[in-house]
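**Q** quick one: sequence plus predicted model below, questions after.
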Amino acid sequence: DAKTTQPTSMDCAEGRAANLPCNHSTISGNEYVYWYRQIHSQGPQYIIHGLKNNETNEMASLIITEDRKSSTLILPHATLRDTAVYYCIVRGVYNFNKFYFGSGTKLNVKP
Amino acid sequence: GAGVSQSPSNKVTEKGKDVELRCDPISGHTALYWYRQSLGQGLEFLIYFQGNSAPDKSGLPSDRFSAERTGGSVSTLTIQRTQQEDSAVYLCASSLSGGTNEQFFGPGTRLTVL
């Protein structure tokens, strides 16, 4: 049932932009892309979501390709507190209760 | 306001015992979800409640698992005759409604079955 593919881990220097990729080549037209993150020993935290347009909020930006088969989460100025596992999730409008969390990307922000 | 709370934060039990895990969602949230996260793994969907509708139980791994939500608020996840493979962190989340609304997660209950 894996609907998304993410790298296992990534490193980023503090203060630089962190770009986390996600492939979701089987996404269908009514499915949204969500990003959550989980800091060690805490519950997941919502970051952002989008359907086809790029989105930006106070935490991050979400860039979705025109064919919607991949997306990138951008943390513009990573801090040490952004070290976490980042999950890219595809969620349908009709099966919205099915949130498939894969293994995510462990982002290591280094000083 | 208060976030999602779960109790207990940690539970150690012996194999074969029953356990109850509690979730208090954010007030006014009609949707409630239970997930399980085994060590080093992603989240596994268990069950979903939306208002007074019948819950979606499709994620429950066996008939030893059950959940209820009383009065559309507090939820209890019950695991009967616990097995060692049930050891995991059990996470509860709530959202304003279903659909595309953001889920707010609780801190989880760490269950250890000896």
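**A** That came through fine.
**Q** the spatially closest residue to A:Asn23 that is not a sequence neighbour: how many residues sit nearby?
**A** Nearest residue to A:Asn23 in three dimensions, chain neighbours excluded: A:Thr5, at 4.2 Å (CB to CB, 6 or more residues apart in numbering or on different chains). (Glycine included, C-beta is placed from N, CA and C.) When counting by other CB atoms under 10 Å in any protein chain shown, one arrives at 14 neighbours for A:Thr5.
**Q** how about A:Asn54?
**A** For A:Asn54, using other CB under 10 Å, the count is 13.
**Q** ok, then the element right after the helix or strand harbouring B:Ala67?
**A** According to DSSP states H and E, B:Ala67 maps onto strand B:65-69. Next along the chain after strand B:65-69, taking DSSP H and E as the criterion, comes strand B:75-79.
**Q** correct me if wrong: A:Val33 contacts A:Gly92.
**A** No: the pair A:Val33 / A:Gly92 is not scored as a contact, 11.2 Å apart, by CB atoms under 8 Å.
**Q** neighbour-wise, which of these two wins?
**A** More neighbours surround A:Val33 than the other of A:Val33 and A:Gly92, with 24 against 17 (other CB under 10 Å).
**Q** what about the strands in chain A?
**A** A:9-13, A:18-23, A:31-38, A:45-50, A:55-56, A:61-64, A:70-75, A:84-92, A:105-110 (DSSP state E).
**Q** how about the residue in chain B that chain A sits nearest to, nearest residue that isn't a chain neighbour?
**A** Of all residues in chain B, B:Phe105 sits closest to chain A, at 3.1 Å by CB to the nearest CB. Leaving aside its chain neighbours, B:Phe105 sits nearest to A:Gly43 (3.1 Å; criterion: CB to CB, 6+ apart).
**Q** alright, that wraps it up for me.
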